[in-house]
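Colleague: what follows is a predicted protein model with its sequence.
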Number of protein chains: 2
Amino acid sequence: MASLKDIGVAAAINILSAFIFLVAFAILRLQPFNDRVYFPKWYLKGLRTDPTHSGAFVRKFVNLDFRSYIRFLNWIPDALRMPEPELIDHAGLDSAVYLRIYLIGLKIFVPIAFLTWAVLVPVNWTNSTLELAKINNVTSTDIDKLSISNIPVGSQRFWSHLVMAYAITFWVCYVLFKEYAKVASMRLQFLASERRRPDQFTVLARNVPPDPDESVSELVEHFFLVNHPDHYLTHQVVYNANKLAKLVQKKKKLQNWLVYYKNKYSRNSTKRPFMKTGFLGLWGKKVDAIEHHESEVEKLSKEIAAERERIADDPKSIMPAAFVSFKSRWGAAVCAQTQQSRNPTIWLTEWAPEPRDVYWPNLAIPYVSLSVRRLIIAVAFFFLTFFFMIPIALVQSLASLEGIEKAAPFLKPVIQKSFVNALITGFLPGIVLKLFLIFLPTILMIMSKFEGFISLSSLERRSASRYYLFNFVNVFLGSIITGSAFEQLDSFIHQSANDIPKTIGVAIPIKATFFITYIMVDGWAGIAGEILMLKPLIIYHLKNFFLVKTEKDREEAMDPGSLGFNTGEPRIQFYFLLGLVYATVTPVILPFIIIFFGLAYVVFRHQVINVYNQEYESAAAFWPDVHGRVITALVISQILLMGLLSTKKAAQSTPFLIALPVLTIWFHRFCKGRYEPAFIRYPLQEAMMKDTLERAREPNLNLKGYLQNAYIHPIFKACEDDEDEEEVLNEKWENESVIVPTKRQSRRNTPIPSKVSGGSSPSLPETVQELPQP
Amino acid sequence: MASLKDIGVAAAINILSAFIFLVAFAILRLQPFNDRVYFPKWYLKGLRTDPTHSGAFVRKFVNLDFRSYIRFLNWIPDALRMPEPELIDHAGLDSAVYLRIYLIGLKIFVPIAFLTWAVLVPVNWTNSTLELAKINNVTSTDIDKLSISNIPVGSQRFWSHLVMAYAITFWVCYVLFKEYAKVASMRLQFLASERRRPDQFTVLARNVPPDPDESVSELVEHFFLVNHPDHYLTHQVVYNANKLAKLVQKKKKLQNWLVYYKNKYSRNSTKRPFMKTGFLGLWGKKVDAIEHHESEVEKLSKEIAAERERIADDPKSIMPAAFVSFKSRWGAAVCAQTQQSRNPTIWLTEWAPEPRDVYWPNLAIPYVSLSVRRLIIAVAFFFLTFFFMIPIALVQSLASLEGIEKAAPFLKPVIQKSFVNALITGFLPGIVLKLFLIFLPTILMIMSKFEGFISLSSLERRSASRYYLFNFVNVFLGSIITGSAFEQLDSFIHQSANDIPKTIGVAIPIKATFFITYIMVDGWAGIAGEILMLKPLIIYHLKNFFLVKTEKDREEAMDPGSLGFNTGEPRIQFYFLLGLVYATVTPVILPFIIIFFGLAYVVFRHQVINVYNQEYESAAAFWPDVHGRVITALVISQILLMGLLSTKKAAQSTPFLIALPVLTIWFHRFCKGRYEPAFIRYPLQEAMMKDTLERAREPNLNLKGYLQNAYIHPIFKACEDDEDEEEVLNEKWENESVIVPTKRQSRRNTPIPSKVSGGSSPSLPETVQELPQP
């Protein structure tokens, strides 16, 4: 247990390292040769080009203007200056709303900190329980004297904590309510004010049933012509283009090399560049590099053309899914919100994600498979959370001295050297665990992908909620009740429902100092490290030095990354959890959390404005998750306080605390009903308003042309960009299904008007016969 | 604990009483003067009239045809003979599907009974644990020898119970899956094949926002004309007619008296009937009865007219809700399934219930109030379930000897007589409890009504699930672990999650004999009593003797009752729970349950065909609840078996059992996704098919005329039936809102095309201004 002095030392170290990071950042960002690392967003937007000073060559790389170093902290006001509407315009609504999460942290915790310091700290301080205990050799620190531990068992002072719990709950709910309303209206306004987008008109229809007589395209056309006759406009089927994507990738690489050699030759036309065909150009036949690459590109082009031909002709390469576009937003809103077919597992319709948000490989998973996958992943995640220590312990035992000696006896002499020995015993187990934790978001993302979500945004949302759960079980509970998650699970099963909050509650005040250090390391220094962008900086310069051949390559070497909702948001939520749990118990922790939120807000605002690339725009669809997790943290804090107080023999106050989680959960349900539909559905009133406005403004809009190519697999678009001669083929696909006469045998002799004939359900004729004849 | 002999005696008594009920029924139903009690359904359908034998006067009341008594059990094959489609036609889909629940009981338990008797009974029987225990003075019965208690701790024989648990789970899930599919298709077919119904075209819009410029009717008209321009047809606002309903009721009574006196006078025209105006006609001024009633009716008619005028003119009597009708089923399906407004708590749309299914008083509850009501009722139900013994104990203590003596000292001499004394001490507490249990369904129904459901069917569904929970906690758990529910709750909170199933599991085999007796009393004799209809029989004859004045009164004295989903279904579900819990533990119980299901099926089929009146038709909307509760029972049985086995030191089998609830819950979710939408939404494909067919058949259908009066408050319809002269007024209302010019000031100078102008959202102008101008 750390004393106040230890905390001071830790704080000094962390503040120092954070400061070093910030200074390093301030210096590095001013160097022109780092420009693409620290301002990639502006390059991507085409608003900034490589700095070309007219002066000396060295000034192209190093900033010699010393005046600029004086103002090295200027980036902070710069980051804060951009107003929110402009930020939305610049970086999208997702980023702007994401930044609001930090602001909510400040809004929630600053008043709570004042309140608890004004009330609880004096109440806790003016007791002497711990001093008395010290006589009995119970260790305690100065920080503990400010916490609830210092109040004697059965004291009436616990009423103040109870009242505080009510005040905190009320305040958090109030802030959350206001914020939900604000974000919901921001979302609706964003959707209303933004310019025409293909996903406003388009619905993704999945699980198109197989039909022996008609192709997927014909089937989709008929189904929607029949069931949405006034609104259906066009559709695009989804091709399985994984192989093609690989080929195109390969060709792109070769073309880059070709450009590079051509450049080289043009600069020095006396010497034709040669290369070796073998591995990495190290051995093999020596050939003319330009000619070789030209022929290779030629070969690949043919292969690609053949593959495209195959995709176009082979009905098996068409997935049973389609993007269906409508004449109006109203038509699309209707189709996305309704059930199409009698069988609710086919013809599933939902809003199409933005084209860049689509996760193509998952579009074709049938319903039964989806449901099985969900079960598998639920079980797998359970084991991952509670038993993840088992494989790691295995690997760690393998990575021990004996393990290595057994597996690779020839390494024995090396290992027995004392330095290597120390390294293995001291670091390897830790590194194995760290490696696992680094790969955890990737593992969670793979799980989400396997589960079958169809947009990147939903993949990230799902991963985020899993990551939060994992953090809660393994970091929060794991730190409070030391022991692996599995041991916790085992002990919880064997404890009564009443005892679990007690066990955790009692341990909470003891762990306050640990979490304070955690906040300083992860929250302060970690965030300051974020702005330094050390990894992208190094990678960019390495790439720039070794691999960049053309200007295009340099652009690709620039890796701004993105906001990373799936890892970033659970991290913030962890601070909400800590803050709410400790607000009534050890309010000393709150200023540390407030500093985290403030620093992180500034840093991430800077990053969003200057660095991160926006991968997709989900219009803040993640907000219900954020809201739900803060509520979860609040309920957890209430239950733990209940457990803690009941061990303090303040039993008469417990019934008053039971009302808190009930009210909080009710509040959550109320908010859910009130605001969540705004994040899932699209109100018809809005759709109709936009449609009417648009019709009045652009009566001659060619919507079909606008929508026709919107949802082509990105790989076909990539091809188009490169080669125009292939566009004819594309055109062919895009237009082929404008009028599709029915080829269906079974329909030819049904007496129903032809409009019905496209219905997909095999049971249609039966139903018709069962209807009472007039 | 009952021995095999005790069980035999109980069985004999209950079989005898059931037999007596059946014989009594067989005799009573053949008497013509009971005809209206035992065949009211046919009277209501107009297919049967009072038996008018040409013979002696006595034959009008007593059946003297002795041959008919010989075939006194003929009603059983008669009840079974009607095929299901005809039954649906005769009594509605709800009743037909309700009967299927009993059939499922048979389908589930007959094979399970065979299997468990073939496997588990021998396995249990061939041990001697209990005989050994008997030496140590542990009592046990012959039935226990057939149960799992007879297997020694740690035996390998528990594997057979484990395998059985898997087999049972598989079989139950299979039957449920098949049945869900069957019921879903029956529902869709019913919806598709039935004739045109107003609710197919109509949507209920609630929470119409208040508007200072327009009336509710105008607002609704504008909103739907703007947002569903191609589909909106007409609408009907909802009037608050509670006072009018009372007046009409009163008038009806007076009119009945008038008819009675007129009849009396016409039969005996010499003597004009007189009556006294005071209380119950016992004192007061003597007046001419016919004249008096005529003037009273006249007076009331005027009052009613005034009230109607008031309702028509007073805007406060219009509730913020409306039934909106569309030109096609497609349009209604779209509107019911989509969100209308930016604010998801106003303009809530959902399928309109059938006109006779609407629960009118709840149509006007605003969203926030709904959400608060839900919280209040949830808390109230929690207390009702776990603390209901407290007020009852209070009343019981009041109803004790001392209590009565204190409250009413003048009764002292009466009480001290030994007979009254015995009555009070012996019966009163039991009667108080019984009274509470009799009123429980009513209390639950009142709770559901307070919660704000808008159709009778949903009220009954909600009450049913509450009743099931109450039964589970207080009857099932309460019988197994004796003690009040509150004591159970207290002990559960203080037990570990692991111990709860153990505590219950251990007690289960011991209680088998108790539940066998329960089944015989409640299930056998109770069901046989149901067919006798003792209460309606007595009430009918009492009414017939004292109150019936006219033929109309006689019709009203006939009280067929209805199926009573809210009490009947939880009762069946209790047998599912018992059967599934005991299937692996004490299979001896299964034959008793099978007899219950068989008997109940026959009895209720007879009742549905001959007696019960159909209150509404929800097209089997309750099925997801039924399915869910059987699944709940299955999961409970699995968890309890787990607890039981873990106390038997068969620990190695427990991990295999954990998979069962996981798989079962997954199966439930799968079924929910697969079939539940069929019970909530209306697929567009179906709607379009029916629309197209109808258009082809009846191109000149006047749909507006058909729909205009469909959703008038029943009280206005009742008036219409009585008096034609008031129809003009009705007409006025029904037609008034065909064209409503906007009176709104704020819209007159907006530059947007008039189509948008009806939008209700006050934020509309802002939004429009925020849109980018072209």
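Modeller: Here it is on my side, so go on.

Colleague: get me the contact residues on the stretch 301-450 of chain A for chain B.
Modeller: Residues of the stretch 301-450 of chain A found near chain B (Cβ under 8 Å from any Cβ of the partner chain) are A:333-334, A:337-342, A:344-345, A:347, A:367-368, A:371, A:375, A:379. Heads up, the C-betas are built off the backbone N, CA and C, glycines and all.

Colleague: grab the nearest non-local neighbour of residue A:466.
Modeller: residue A:444 (4.9 Å; Cβ to Cβ, 6 or more residues apart in numbering or on different chains).

Colleague: you'd agree that neighbour is up against residue A:471?
Modeller: No. With contact defined as Cβ atoms under 8 Å, residue A:444 does not count as touching residue A:471 (11.1 Å).

Colleague: the more surrounded of these two?
Modeller: More neighbours surround residue A:444 than the other of residue A:444 and residue A:471, with 26 against 19 (other Cβ atoms under 10 Å in any protein chain shown).

Colleague: what residues are up against that one?
Modeller: Residue A:444 makes contacts with A:463, A:466-467, A:470, A:566, as judged by Cβ atoms under 8 Å, 6 or more residues apart in numbering or on different chains.

Colleague: under the pLDDT cut-off, which ranges of the stretch 551-700 of chain A? List them.
Modeller: Within the stretch 551-700 of chain A, the ranges that satisfy pLDDT under 70 run A:551-553, A:556-557, A:559, A:650-653.

Colleague: looking at it, which residue is nearest chain B?
Modeller: Across the stretch 551-700 of chain A, no residue is closer to chain B than residue A:677, which sits at 3.8 Å (Cβ to the nearest Cβ).

Colleague: so what does that residue look like in phi/psi?
Modeller: In terms of degrees, to the nearest 10, the main-chain angles of residue A:677 are phi -50, psi -30.

Colleague: what number of residues lie near it?
Modeller: 18.

Colleague: helices along the stretch 301-450 of chain A, start to end?
Modeller: Secondary structure of the stretch 301-450 of chain A, counting by DSSP state H, counting those that start in this stretch: helices at A:329-337, A:367-387, A:389-398, A:401-407, A:412-415, A:418-451.

Colleague: quick one: buried residues of stretch A:29-44?
Modeller: Buried residues in stretch A:29-44, defined by neighbour count with 16 or more other Cβ atoms under 10 Å in any protein chain shown: A:29-30, A:33-44.

Colleague: so where's the stretch 251-400 of chain A shaky on pLDDT?
Modeller: In the stretch 251-400 of chain A, residues with pLDDT under 70: A:267, A:276-284, A:392, A:395-400.

Colleague: what separation is there between the residue nearest to residue A:621 when sequence neighbours are not counted and residue B:678?
Modeller: Spatially, and ignoring its direct neighbours in sequence, residue A:621 is nearest to residue A:679 (5.5 Å; Cβ to Cβ, 6+ apart). Distance of residue A:679 to residue B:678, computed by Cβ to Cβ, to the nearest Å: 26 Å.

Colleague: also residue A:583?
Modeller: Computed as Cβ to Cβ, the residue A:583 to residue B:678 distance reads 48 Å.

Colleague: tell me how many other residues crowd the spatially closest residue to residue A:331 that is not a sequence neighbour.
Modeller: Spatially, and ignoring its direct neighbours in sequence, residue A:331 is nearest to residue A:231 (2.9 Å; Cβ to Cβ, 6+ apart). The local packing of residue A:231 (other Cβ under 10 Å) involves 20 other residues.

Colleague: check contacts around residue A:231.
Modeller: A:326-328, A:330-332, A:334-335.

Colleague: point out the most buried one among the helices of the stretch 301-450 of chain A.
Modeller: Highest mean neighbour count among those (mean count of other Cβ atoms under 10 Å in any protein chain shown): helix A:329-337, with a mean of 24.

Colleague: so it versus helix B:329-337, what angle?
Modeller: Here helix A:329-337 runs at an angle of 70 degrees relative to helix B:329-337 (axes from the mean of the first three to the mean of the last three Cα atoms, to 10 degrees).

Colleague: helix A:329-337 packs against which elements?
Modeller: Helices and strands touching helix A:329-337, by 3 or more Cβ pairs under 8 Å, 6 or more residues apart in numbering or on different chains; DSSP states H and E, are helix A:198-201, strand A:202-206, strand A:318-326, strand A:348-351, helix A:684-697.

Colleague: could you dump those to CSV with mean neighbour count?
Modeller: As requested, the helices and strands packed on helix A:329-337 are arranged in CSV below (neighbours: other Cβ atoms under 10 Å in any protein chain shown):
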stretch, mean neighbour count
helix A:198-201, 22
strand A:202-206, 25
strand A:318-326, 24
strand A:348-351, 18
helix A:684-697, 20
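
Colleague: same list, the ones you listed, but as TSV with distance to residue A:83 please.
Modeller: Shown next, in TSV, are those (distance: least, Cβ to Cβ, whole Å):
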stretch	distance to residue A:83
helix A:198-201	26
strand A:202-206	32
strand A:318-326	35
strand A:348-351	30
helix A:684-697	25
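
Colleague: for residue A:179, find the nearest of these.
Modeller: With Cβ to Cβ as the criterion, residue A:179 lies closest to helix A:684-697 of the helices and strands packed on helix A:329-337, at 21.5 Å.

Colleague: what's the model's confidence in the helix ranked longest in chain A, averaged?
Modeller: Determined from DSSP state H, the single longest helix within chain A is helix A:84-125. Mean pLDDT, helix A:84-125: 87.

Colleague: what about it and chain B, touching?
Modeller: No. Helix A:84-125 lies out of reach of chain B by Cβ under 8 Å from any Cβ, never closer than 10.2 Å.

Colleague: which neighbouring elements make contact with that helix?
Modeller: Using 3+ Cβ pairs under 8 Å, 6+ apart: helix A:84-125 touches helix A:158-193, helix A:565-585, helix A:590-610, helix A:623-647.

Colleague: which of the ones you listed sits closest to residue A:683?
Modeller: Of all these, it is helix A:158-193 that lies closest to residue A:683, at 8.1 Å by Cβ to Cβ.

Colleague: which parts of the stretch 151-300 of chain A sit against chain B?
Modeller: Near chain B, the residues belonging to the stretch 151-300 of chain A are A:188-189, A:192-193, A:195, A:223, A:226-228, A:230 when assessed by Cβ under 8 Å from any Cβ.

Colleague: just want the angle from the longest helix of chain A to helix A:158-193.
Modeller: 180 degrees.

Colleague: what angle do helix A:84-125 and helix A:623-647 make?
Modeller: Angle of helix A:84-125 versus helix A:623-647, following the same axes, to 10 degrees, is 0 degrees.

Colleague: distance of residue A:168 relative to chain B?
Modeller: The gap separating residue A:168 from chain B is 21 Å, by Cβ to the nearest Cβ, to the nearest Å.

Colleague: can you tell me the element the residue nearest to residue A:621 falls in?
Modeller: Taking DSSP states H and E as the definition, residue A:679 sits inside helix A:677-680.

Colleague: list the buried ones in that helix?
Modeller: Buried residues in helix A:677-680, counting neighbours by 16+ other Cβ under 10 Å, are found at A:677-679.

Colleague: which of the buried residues of stretch A:29-44 sit farthest apart?
Modeller: Greatest spacing in the buried residues of stretch A:29-44, by Cβ to Cβ: A:30 and A:44 (20.7 Å).

Colleague: what's the closest non-adjacent residue to residue A:701?
Modeller: Distances taken as Cβ to Cβ, 6+ apart place residue A:694 nearest to residue A:701, at 7.1 Å, with adjacent residues excluded.

Colleague: would you agree that neighbour is in contact with residue A:196?
Modeller: Yes. The pair residue A:694 and residue A:196 passes the contact test of Cβ under 8 Å, sitting 7.3 Å apart.

Colleague: number of nearby residues for the residue lying closest to residue A:358 once chain neighbours are set aside?
Modeller: Leaving aside its sequence neighbours, residue A:358 sits nearest to residue A:455 (Cβ to Cβ, 6+ apart; 6.1 Å). Each residue near residue A:455 was counted by other Cβ under 10 Å, and the total is 22.

Colleague: over to residue A:86?
Modeller: Residues near residue A:86, counting by other Cβ under 10 Å, number 12.
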